[in-house]
Structure formats: structure tokens, C-alpha cells
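Peer 1: curious how this folds, go ahead:
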Amino acid sequence: MEPPQSQRTKRTIKRVAPLRAGIMLAIVYGILGLVVIPFFLIATALSSQMAQSQRVGVLALGAGFAVFVPICYAILGFIGGVLCAFIYNLVAKWVGGFEVDVE
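Peer 2: Next up, the predicted model:
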């Protein structure tokens, strides 16, 4: 007896919810922003080799960037996700959207 054939079918993504896309990309970009934190902290730690007058500015800048970058990435990810979904929805009306195979 043959194993049952999987039913493959083509589906078209006609619309992407802009708010959901924005939230998804905000989370993804926020997590990617967390990857950058160790590099700022290493640069801040290396500033201990600098002269005292230069060290204070570098310490503040490194710690500030460690906090600011993930937040900035998340905000820009949200804005980019909403804009891309909006543009995709406009273009999908004219072209028909992505066609994907699903099982």
C-alpha cells in the first residue's frame, strides 16, 4: 500500500497586517540590538587604559549606547515593518502578492 500523498497547494499572500508586521520586526530588531551590547561594553572596558580626563566621556558614551541601541533598533524595526507591510499591501493589489506552496 502506498503512503498517502501530501497535498501540496499554492496559496497567495494577499495582505500583511501592518501593525503585526511592525510588532514582529520591533521584537526581532530589538533582539538583534542586544547582540551589539557586548561590543559597546568591551569598548567601555578598554577605556580604562585611557587618561582620566578622556575616560569619563567614553564610559558615559559606551554605557549610553548599550542602552540606546536596542531601543533604537526596536523603534526603527517597528516603523520599517509597518511601512514595508503597507507598501506590500499596495503592490499586492496590483500584482497579486507572493505565491507560496503549502502542505
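Peer 1: which residue packs closest to the spatially most central residue of the chain, ignoring adjacent ones?
Peer 2: Central residue of the chain (CA atoms, centre = their mean): Y29, 2.5 Å from the mean position. Leaving aside its chain neighbours, Y29 sits nearest to G77 (2.8 Å; criterion: CB to CB, 6 or more residues apart in numbering). Glycine gets a C-beta too; all of them are placed from N, C-alpha and C.
Peer 1: same question, L32
Peer 2: Distances taken as CB to CB, 6+ apart put Y73 closest to L32, at 6.1 Å, once the chain neighbours are dropped.
Peer 1: can you pull the pLDDT of that neighbour?
Peer 2: The model reports Y73 with a pLDDT of 95.
Peer 1: hey, where'd the helices end up in this protein?
Peer 2: Here the chain has its helices, by DSSP state H, at 18-46, 52-95.
Peer 1: buried ones in the shortest one?
Peer 2: The reference is to helix 18-46. Buried residues in helix 18-46, counting neighbours by 16 or more other CB atoms under 10 Å, are found at 18, 21-26, 29-30, 33, 40, 44.
Peer 1: got any ranges where the protein has weak pLDDT?
Peer 2: 1-6 (pLDDT under 70).
Peer 1: list the contacts of the residue nearest to Y29.
Peer 2: With contacts defined as CB atoms under 8 Å, 6 or more residues apart in numbering, the neighbours of G77 are 22, 25-30.
Peer 1: any chance of the residues you listed in a markdown table, plus distance to F65?
Peer 2: Output for those, formatted as a markdown table (distance: CB to CB, whole Å):
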| residue | distance to F65 |
| --- | --- |
| G22 | 24 |
| L25 | 21 |
| A26 | 19 |
| I27 | 21 |
| V28 | 20 |
| Y29 | 16 |
| G30 | 15 |
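Peer 1: most widely separated two among those residues?
Peer 2: G22 and G30 (12.0 Å; CB to CB).
Peer 1: just list the residues touching N89, thanks.
Peer 2: 15-16, 18.
Peer 1: redo the residues you listed as TSV? Include distance to W94.
Peer 2: Below are the contacts of N89 laid out as TSV (distance: CB to CB, whole Å):
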residue	distance to W94
R15	13
V16	15
P18	18
